[in-house]
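Novice: Test case, fold it:
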Amino acid sequence: MVLLLIATFLIGMLYTKVQYLEGGATAPAAGTTAGSQQQAAVTPGAKVDMSMGNLPVLGNANAKVQVVEFADFQCPFCEQWFQTVWPQLKKDYVDTGKIAFAWRDYPFLGQESTDAANAARCANDQGKFWDYHDYLYTHQGQENSGAFSKANLEGFAATMGLDTTKFNNCMDSNQFAKDAATDLSDGQKAGVNGTPTVFINGVPVVGAQPYSAFQTAIDQALAGK
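Specialist: Take a look at the predicted model:
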């Protein structure tokens, strides 16, 4: 019995380390309520209908395996996934055209998450979503500490050589905030309650797990299992 309790504790600790959970010590995104965050968690292995969203898809858009990541630009475990899993996944499956890969916003950690989501979409308006996406993850700071203030987000665009007048107007008007909110809502309806959550042909893999977990799931999907 004691061993079982210890094992349960260790598994719980591991899960906590690899995923940022919604509704814990973190703040909800602007425009959401605590009630709207009480969603049923995804069920491992259970398939759900999942669209690719409206941001640029990487890889082969017609691939039979569709991979959709729900993430928050402020989430440290999303940044960990970006650093440790994404490069190999991109090399093995995206660049080879084996999968279609899409990002969808899940900005639940606070105002800077909402602003960063809007900013990435403003960059997308100039054909630079993925460049801006990468820039955000390589310049992440503490949550809501000012790292993703509007001034900094606009500064990132200037550093990247974007049309700053167009970008800043987009930021000031929160032009794409509704799109990010739609992604968040769709994720919650699908059972997402933390980040990162990755759907592989609608089957969720939750948390910043090792690359092998995603490799196995994708290979199974490619094999039609």
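Novice: doesn't Phe108 make contact with Asp183?
Specialist: No. Asp183 is beyond contact range of Phe108, at 10.9 Å (criterion: C-beta atoms under 8 Å). C-beta: built from backbone N, CA, C; applies to glycine.
Novice: more neighbours, these two?
Specialist: Phe108 (28 against 24; other C-beta atoms under 10 Å).
Novice: show me what contacts the residue nearest in space to the middle of the chain?
Specialist: With the centre of the chain defined as its mean C-alpha position, the nearest residue by C-alpha atoms, centre = their mean is Ala71, 1.6 Å away. Residues near Ala71 by C-beta atoms under 8 Å, 6 or more residues apart in numbering: Cys78, Trp81, Trp103, Arg104, Asp105, Tyr106, Thr195, Pro196, Thr197.
Novice: how about a cut-off of 10 Å?
Specialist: Applying C-beta atoms under 10 Å, 6 or more residues apart in numbering to Ala71 gives the contacts 20, 77-79, 81-82, 103-107, 113, 117, 133, 137, 187, 192, 195-198, 208.
Novice: residues shared between the contacts of Asp183 and Phe108?
Specialist: Joint contacts of Asp183 and Phe108 (C-beta under 10 Å, 6+ apart) are Phe70, Val192.
Novice: what are the ranges of the helices in this structure?
Specialist: 2-18, 76-84, 86-89, 111-124, 129-137, 150-159, 164-172, 177-189, 211-222 (DSSP state H).
Novice: Can you tell me which of those is nearest to Val65?
Specialist: helix 211-222 (4.5 Å; C-beta to C-beta).
Novice: Lovely, talk soon.
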